[in-house]
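Just the structure for this:
(one chain, ligands or ions: 1)
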Amino acid sequence: MKPWLGAEEVEALAEVIASGWVAQGPRVARFEDEFRVAMASAEAVATSNCTTALHLALVVAGVGAGDDVVVPSLSFIATANAPTYVGARPIFADVDDRTGNITSDSVAAVLTERTRAVIAVDQGGVPVDLEPIRALCDPLGIVVIEDAACGAGSTYHGRPVGAGADVAAWSFHPRKLLTTGEGGMLTTRRSDWAERARRLREHAMSISAKDRQASILAPAEEYAEIGFNYRMTDLQAAVGIVQLGRLPEIVAQRRRLADRYAAELASIEGLRPVADPEWGTSNFQSYWVEVEPSFPVDREGLLEALAGADVSARRGIMASHLQPAYRGRYTGEAPLPVTERLTRDTLILPLFHQMTDSEQERVVEALRGAARLRGAA
Ligand SMILES: *Cc1c(COP(=O)(O)O)cnc(C)c1O
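Residues are numbered from 1 along each chain as shown. Presented below is the predicted three-dimensional model:
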């Protein structure tokens, strides 16, 4: 991944600096408004990153100590960490091998009496099949949170991902489609949750810093509960507004490159690429490929072969339950065979918004070279 940043972002930043207002202010408000509209959500609350947005989502959903939260292990570790911040226990559900996402069946297999929430991830941009998960959780009063960190520009049944969840969290880290350096967003249809998240991100202050600064005689503020400093800056938001304008072009370009990869990979035996599911479209934030047993070398061998051809690929999505941080916390509630297979056998191919066709052809040639290693390995 490479971010796509240009003169427009530089200009937007210069305007913020000239304005003298660099912390959370009018540009954050405007970015929230534009993001809310783009993602078909009722409310948007900007945060310092997606991890803090997930933390706030759990707090406003009332998840706390003693609760269980179902999450995929096959995700960036922040998905599992967020429930631990509120004293809850992440319970790992296995994933579907075509999408890399949890399913209503894998969630059902790990529900407990204490399950209060499910965090469904749009892994690598592939939309999670949310409706069956909601059909399972809604009657049980289990909150469905969407970790849409990778999902800006992906769709589910014709709507932006995230729109169907109780609350969703987004990332603007440079590895995602839109970047503000660091940054995040919480979206929700519930105005009471949005209002509380807005206060909590700013130390739970009753009057925002923006409103206080705008008055000559500042009104006294009150702190009704213990909050956090999870604010986004106006510098970040100014970049975010420009980036959001680029989103349609970024998605179109990534999908065009993904189509080209798919067409080439169809003739290489033993490599299975990620693809759109029936229920939606991916932004292909991560173009992952499973190295199947029929391929002449395993995933590590293919990474080495690619590196030898000066192509830098990456190991596939991590599995949190295999990390030292979760040793002793994961007690084998459910076996995770698909998660373990995908994290061992997948890799992510280079794909960035401005990748040229000839750069992509070089990657495909390197893959074909590795495919010819049969017998030699
Ligand atoms: C990147 C990512 C996060 C964390 O996002 P930050 O903005 O870096 O905090 C969380 N969940 C998933 C699935 C991610 O890919």
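
Could you list the low-pLDDT ranges of this structure?
Along the chain, segments meeting pLDDT under 70 span 374-377.

Check it and tell me which residue is nearest its centre.
Centrality entry for the chain: nearest residue to the mean C-alpha point is Ala149, 1.8 Å, by C-alpha atoms, centre = their mean.

Quickly note the distance from Thr179 to the ligand.
When distance is defined by C-beta to the nearest ligand atom, to the nearest Å, Thr179 is 10 Å away from the ligand. Glycine gets a C-beta too; all of them are placed from N, C-alpha and C.

any idea how far the residue lying closest to the residue nearest to the centre of the chain once chain neighbours are set aside lies from Gly20?
Excluding the flanking residues, the one nearest Ala149 by C-beta to C-beta, 6 or more residues apart in numbering is Ser171, at 3.8 Å. Distance from Ser171 to Gly20, counting by C-beta to C-beta, to the nearest Å: 29 Å.

between the two, who's got more neighbours?
Neighbours were counted for Ser171 and for Gly20 using other C-beta atoms under 10 Å; Ser171 has more, 30 against 6.

Report the beta-bridge partners for the more buried one.
Per DSSP bridges, the residues bridged to Ser171 are Gly184.

Just give me how far the longest helix seen in the chain sits from the chain centre.
As assigned by DSSP state H, the longest helix anywhere in the chain is helix 234-265. Here helix 234-265 is found 14 Å from its chain centre; the criterion is C-alpha atoms, centre = their mean, to the nearest Å.

now stretch 258-272
Distance, centroid of stretch 258-272 to centroid of chain: 25 Å (C-alpha atoms, centre = their mean).

now the helices for this protein?
Along the chain, the segments classed as helices by DSSP H run 7-19, 26-38, 50-60, 78-85, 104-108, 130-137, 191-200, 209-213, 234-265, 299-308, 337-345, 357-371.

Tell me which of these is the most buried.
Highest mean neighbour count of the helices of the chain: helix 50-60, a mean of 27 (counted as mean count of other C-beta atoms under 10 Å).

just the angle between it and helix 191-200, please?
Between helix 50-60 and helix 191-200, the angle comes out at 120 degrees (axes from the mean of the first three to the mean of the last three C-alpha atoms, to 10 degrees).

OK, contacts around Ala108?
Leu136 (C-beta atoms under 8 Å, 6 or more residues apart in numbering).

Find the nearest non-adjacent residue to the residue in the stretch 201-350 of the chain positioned nearest to the ligand, please.
Nearest residue of the stretch 201-350 of the chain to the ligand, counting by C-beta to the nearest ligand atom: Gln285, 7.9 Å away. Nearest residue to Gln285, sequence neighbours excluded (C-beta to C-beta, 6+ apart): Gly125, at 3.5 Å.

That neighbour contacts Gly151, doesn't it?
Yes: Gly125 is within contact range of Gly151, at 5.9 Å (criterion: C-beta atoms under 8 Å).

more crowded one of those two?
Gly151 (32 against 27).

What residues does the residue nearest to that one when sequence neighbours are not counted make contact with?
Distances taken as C-beta to C-beta, 6+ apart place Asp122 nearest to Gly151, at 3.7 Å, with adjacent residues excluded. With contacts defined as C-beta under 8 Å, 6+ apart, Asp122 is in contact with Asn101, Val128, Glu146, Asp147, Ala148, Ala149, Cys150, Gly151, Ser154, Val161, Gly162.

do that again at 10 Å, thanks
Residues in contact with Asp122 (C-beta atoms under 10 Å, 6 or more residues apart in numbering) are 99-101, 128, 130, 146-152, 154, 156, 161-162, 168, 280, 282-283, 285.

With Leu349 instead?
257-258, 261, 265, 271, 273-274, 286-289, 306, 311-314, 360, 363-364, 366-367.

So the residue nearest to Ala149 is in contact with Gly181, correct?
No: counting by C-beta atoms under 10 Å, Ser171 does not reach Gly181; the two are 11.5 Å apart.

re the thing from before, verify the stated contact: the residue nearest to Gln285 with Trp170.
No: Gly125 is not in contact with Trp170 according to C-beta under 10 Å; the separation is 12.0 Å.

got any residues that touch both of those two?
Jointly contacting Gly125 and Trp170 under the rule C-beta under 10 Å, 6+ apart are Ala148, Ala149, Cys150, Gly151, Ala152, Val161, Lys176, Leu177.

What is the burial count for the nearest residue in space to the first one that is not next to it in sequence?
Here the nearest residue to Ala148 in space, its sequence neighbours aside, is Gly162; by C-beta to C-beta, 6+ apart that works out to 4.3 Å. Burial of Gly162 is recorded as 27 neighbouring residues (other C-beta under 10 Å).

Please report phi then psi for Gly162.
For Gly162, the backbone dihedrals (degrees, to the nearest 10) come out as phi 90, psi -30.

quick check: domain ranges of the protein?
Following automatic domain parsing, one gets these domains for the chain: 7-245, 247-376.

Up against the ligand, what does the stretch 1-150 of the chain have?
Asn49, Cys50, Thr51, Ser75, Phe76, Ala78, Thr79, Val121, Asp147, Ala149, Cys150 (C-beta under 6 Å from any ligand atom).
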